[in-house]
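A predicted structure for the sequence below; I have some questions about it.
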Amino acid sequence: MRIQLLSDLHLETEAFEPAPAPGADLLVLAGDIDAGHDGLDRFAGWPVPVVYIAGNHEYDQRDIDSATAALRERCDRLGFTMLERDSQVMTVRGRRYRLLGTTLWCDFDLLGTTERERCMRAGAYFLERVQCSTRDGQPFGAAAVREEFMRCREWLAGQLARGRRGAQWDETIVITHFAPSPRSADPRYGLQPASASFCSDCEDLMGRAALWIHGHLHCRHDYLAGGTRVVCNARGHVERGEADGHEPLCVFEI
Ligand SMILES: [Fe+2]
Ligand SMILES: [Fe+2]
């Protein structure tokens, strides 16, 4: 399968015109496409199936559960598949690919459990001043993000534990917005408390998927961890130089 991967287009502020990659079988939109949601409509009528995973910015200033429902409704209308703790099997040239998708969020344990409080404080500023999401009328702060991560991770671990014998798929592809390994930390900043708002260590889940796609870090990655290939093709913000070298038409093959 050949996958065109786009994430972190940030169409709420960035100018970007998407074009289909020649030869791709699938377009994956791995979150932070448009905080305003309307930008998803630019992919209407795409020539291959579109799979969408929400980024944290699609929840900006919104109730988490209402925003998920609104995004699902928009994806239904556009004919896209939104994955939030959902799986879908797709057959390409006779091979069956199981796609497992969730935003994932983060556990703030990237620097170890003893540093969790410090990492949560580092994340709280962004969550409370910029993202300002809510759930049931309460701020969706660092503790709520960690709880949501636990739910997403537990779902993913359960799916990945399902045996392959007699399975309805040949390969598994995981798609998350947040990163599953410290190896995905942005090399501009290295590992520091703020990094825990971007990556969590899920390497114990590697090896059960051929490919793990993520976004959220505004840089590019393609590496192997525990037998799983991890890729990120985030675009980011032009004025910060993050889009330099971004290849929107690049295709990842598994
Ligand atoms: Fe982003
Ligand atoms: Fe993000």
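On my side now, so go ahead. Ligands and ions are numbered 1, 2, ... in the order given.

check the residue nearest the centre of the chain and give its pLDDT.
Centroid check for the chain by Cα atoms, centre = their mean gives His177 as the closest residue, at 1.5 Å. For His177, the pLDDT comes out at 98.

test my guess that it contacts Tyr59.
No: contact criterion Cβ atoms under 8 Å: His177 and Tyr59 do not qualify, at 10.3 Å. C-beta: built from backbone N, CA, C; applies to glycine.

so who does Ser181 touch?
199, 201-203, 206, 225, 230 (Cβ atoms under 8 Å, 6 or more residues apart in numbering).

what's the helix or strand where Leu156 lies packed up against?
For Leu156, the element it lies in under DSSP states H and E is helix 142-161. Under the contact criterion of 3 or more Cβ pairs under 8 Å, 6 or more residues apart in numbering; DSSP states H and E, helix 142-161 touches strand 95-102, helix 116-126, strand 171-176.

pLDDT on that helix, on average?
97.

quick revisit: just put the contacts of Ser181 in CSV and tack on distance to Gly163.
Output for the contacts of Ser181, formatted as CSV (distance: Cβ to Cβ, whole Å):
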residue, distance to Gly163
Cys199, 29
Asp201, 25
Cys202, 20
Glu203, 21
Met206, 17
Ala225, 22
Val230, 23
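
picking that back up, grab the nearest non-local neighbour of the residue nearest to the centre of the chain.
In this structure, His177 finds its nearest non-sequential neighbour in Gly31, 3.4 Å apart by Cβ to Cβ, 6 or more residues apart in numbering.

for the one you found, the count of nearby residues, please.
Gly31 sits with 27 neighbouring residues when counted by other Cβ atoms under 10 Å.

gap between it and Gln168?
From Gly31 over to Gln168 the distance is 26 Å, taken as Cβ to Cβ, to the nearest Å.

no more questions from me, cheers.
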